[in-house]
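[1] Based on what follows, work out the 3D shape:
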Amino acid sequence: MAIYHYQALDLKGKSIKGHVEAHSEKEAKDLLREQGALITKLVLKTTNTLKQQLKGENLVTFTVQLSQLIGAGVPLYESLIAIEEQYRQESYHHIMMRLSEQIKAGNSLSSAMAEYPESFNKLYRSMILAGESSGSQEVILEKLSILLRKQIKLKKQIITALIYPGILGSFSFLIILMLLGFVVPSIEGIFEGRKLNSFTEFVMSVSHFFRDFWWLYIPAIAASITFLVMKFRSPQGKLFFEKNLIKVPVLKTLIVQTALARFCRTMATLQQGGLTMIDSLQISRGVMRNIVLEEEIKKAEGKIVEGSSLSIELSKSPLIPLLVSRMLSVGEESGTSLVMMNKIADMYEEEIEKTLDRLMALAQPAILLIMGAIIGFVLLAIMLPLTDVSSFSN
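    Numbering: from 1, shown residues only. Modelled structure (predicted):
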């Protein structure tokens, strides 16, 4: 559906303006006329569809507000209208308006949210459906808001940890480009007509190539990056990339910890919401964001249907730590599986921060050593001829 911005006169002749959602301009006009509005201007509102999505902190705020209103006894439709009125100037306002319309028409909230899968993913919709089935929407929404907050916190931790190495690497790379593109050419005239060592000649040749053939290597690099991005986005490329990435020692630990924290937290939330073990597994493995680990959970699903337990099946996986299966086994025997899953998630969320610190402690000196070696290599090539007095006498 499209959003139309309108200016009109109400029944009292007062000027009004706002937005209306409709499939066509004619439908928008009909909707406004039914409300008794005399339309003076109607324009299709065009915005970036990515910005129209309800995500991140905005989704958390929406979930919390809806939970509080329903918990206070306000009917669902009235709750959505109250929230919609607060966000009429936001790009994602049309989503709230559409949800209100669907509820007014007699549809369920989960089916209304299905129109916006980019804003409300399968996990979110499944939880809402579970709340509708059990009649505990406010409780489910509260659990969802906690889950979303933890997911956002985890994502921010990873992004924050990657910022410094990224800046450091970019700055070092910029220095190398300046040396090859400006410093080396500026002093090249000093060595004109003199016999240079092969070390210096190599650096001079690289500098010449860098300056003279930019029209060749820049498009080649851009084409290579585009090819790799497209390749890694394909199922085969993504599988190849993630299979090899999970073999890197420190990265493997971080990937497994992050995936298990998401998996266990989601599993516990879904089962608390009333979903079955199999349904919870199918949704939870989707939030792990690693094909290799998702396949391990998928294998477990089939065995659980046959009568096995989650702890036994996870213990067979070489990628999942034995501690996880042991804690789950204790939870299954004592009837506290959900509590144990939350504890596993808490444990790994704390461990992720330590692993990130260790990873950054290794990454920073590694970047400095590599970039420093390259910069030193270029500077040494420049300095060697200056110390060779015989080269100036020729």
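[2] Show the contacting residues for residue 207.
    180, 181, 184, 185, 188 (Cβ atoms under 8 Å, 6 or more residues apart in numbering). Backbone N, C-alpha and C define where each C-beta goes, glycine included.
[3] where's the most centrally placed residue in the chain, which helix or strand?
    What sits nearest the mean C-alpha location of the chain, by Cα atoms, centre = their mean, is residue 155, with 7.1 Å. Taking DSSP states H and E as the definition, residue 155 sits inside helix 137-178.
[4] For residue 374, see how far away residue 315 is.
    Remark: distance between residue 315 and residue 374 (Cβ to Cβ, to the nearest Å) = 46 Å.
[5] next one: residue 311
    For residue 311 relative to residue 374 (Cβ to Cβ), the value is 50 Å.
[6] So between these two, which is more surrounded?
    residue 311 (20 against 16; other Cβ atoms under 10 Å).
[7] So which elements touch the host helix or strand of the more buried one?
    Using DSSP H and E, residue 311 maps to helix 310-315. Judged by 3 or more Cβ pairs under 8 Å, 6 or more residues apart in numbering; DSSP states H and E, helix 310-315 is in contact with helix 291-305, helix 322-334.
[8] follow-up on the earlier one: so what secondary structure elements neighbour the helix holding residue 155?
    helix 56-71, helix 122-134, helix 249-272, helix 337-387.
[9] can you give me the mean pLDDT across the first one?
    Looking back up the chat, that one is helix 56-71. Computed over helix 56-71, the mean pLDDT rounds to 89.
[10] and that helix with helix 122-134, angle?
    0 degrees (axes from the mean of the first three to the mean of the last three Cα atoms, to 10 degrees).
[11] Contacts for the helix or strand following the helix holding residue 155, please.
    Using DSSP H and E, the helix or strand that follows helix 137-178 in sequence is helix 184-187. Residues outside helix 184-187 that contact it (Cβ under 8 Å, 6+ apart) are 203, 204, 207, 211, 378, 382.
[12] low pLDDT regions in the stretch 51-200 of the chain?
    Within the stretch 51-200 of the chain, the segments meeting pLDDT under 70 span 51-52.
[13] mind running it again at 80?
    Counting by pLDDT under 80, the stretch 51-200 of the chain contains low-confidence residues at 51-53, 88-91, 130, 133-136, 154, 161-162, 188-197.
[14] could you give the mean pLDDT of stretch 248-260?
    Here the average pLDDT along stretch 248-260 is 86.
[15] Flag every buried residue along it.
    253, 254, 255, 256, 257, 258, 259, 260 (16 or more other Cβ atoms under 10 Å).
[16] for stretch 102-113, same thing?
    Buried, per 16+ other Cβ under 10 Å, within stretch 102-113: 102, 103, 109, 110, 112, 113.
[17] mind checking how far the closest residue to the third one other than its chain neighbours is from residue 65?
    If the residues on either side of it in the chain are set aside, residue 109 comes closest to residue 128, at 5.5 Å by Cβ to Cβ, 6 or more residues apart in numbering. Computed with Cβ to Cβ, the distance linking residue 128 and residue 65 is 15 Å.
[18] okay, those two: which has more neighbours?
    Taking residue 128 and residue 65 together and counting by other Cβ under 10 Å, residue 128 has the greater number of neighbours (25 against 18).
[19] ok, back up a step: which residues are in contact with the residue nearest to residue 109?
    Counted by Cβ under 8 Å, 6+ apart, residue 128 has contacts 109, 110, 113, 120, 137, 140, 141, 144.
[20] before we move on, what about residue 240?
    Here residue 240 is in contact with no residue (Cβ under 8 Å, 6+ apart).
[21] Walk me through the domains of the chain.
    Domain ranges of the chain: 2-46, 52-146, 147-394, per automatic domain parsing.
[22] how about residue 275, secondary structure?
    coil (DSSP: H, G, I helix; E, B strand; the rest coil).
[23] Provide a list of residues in contact with it.
    Taking Cβ under 8 Å, 6+ apart, we find residue 275 in contact with 126, 130, 283.
[24] Verify the stated contact: the last one with residue 122.
    What it means is residue 283. Yes. With contacts counted by Cβ atoms under 8 Å, residue 283 reaches residue 122, the gap being 5.8 Å.
[25] Those two: who's more crowded?
    More crowded of residue 283 and residue 122, by other Cβ under 10 Å: residue 283, with 21 against 13.
[26] I'd like the distance from the more buried one to residue 260, if you could.
    16 Å.
[27] repeat for residue 209
    For residue 209, the distance to residue 260 - Cβ to Cβ - is 47 Å.
[28] neighbours of residue 284, just the number please.
    24.
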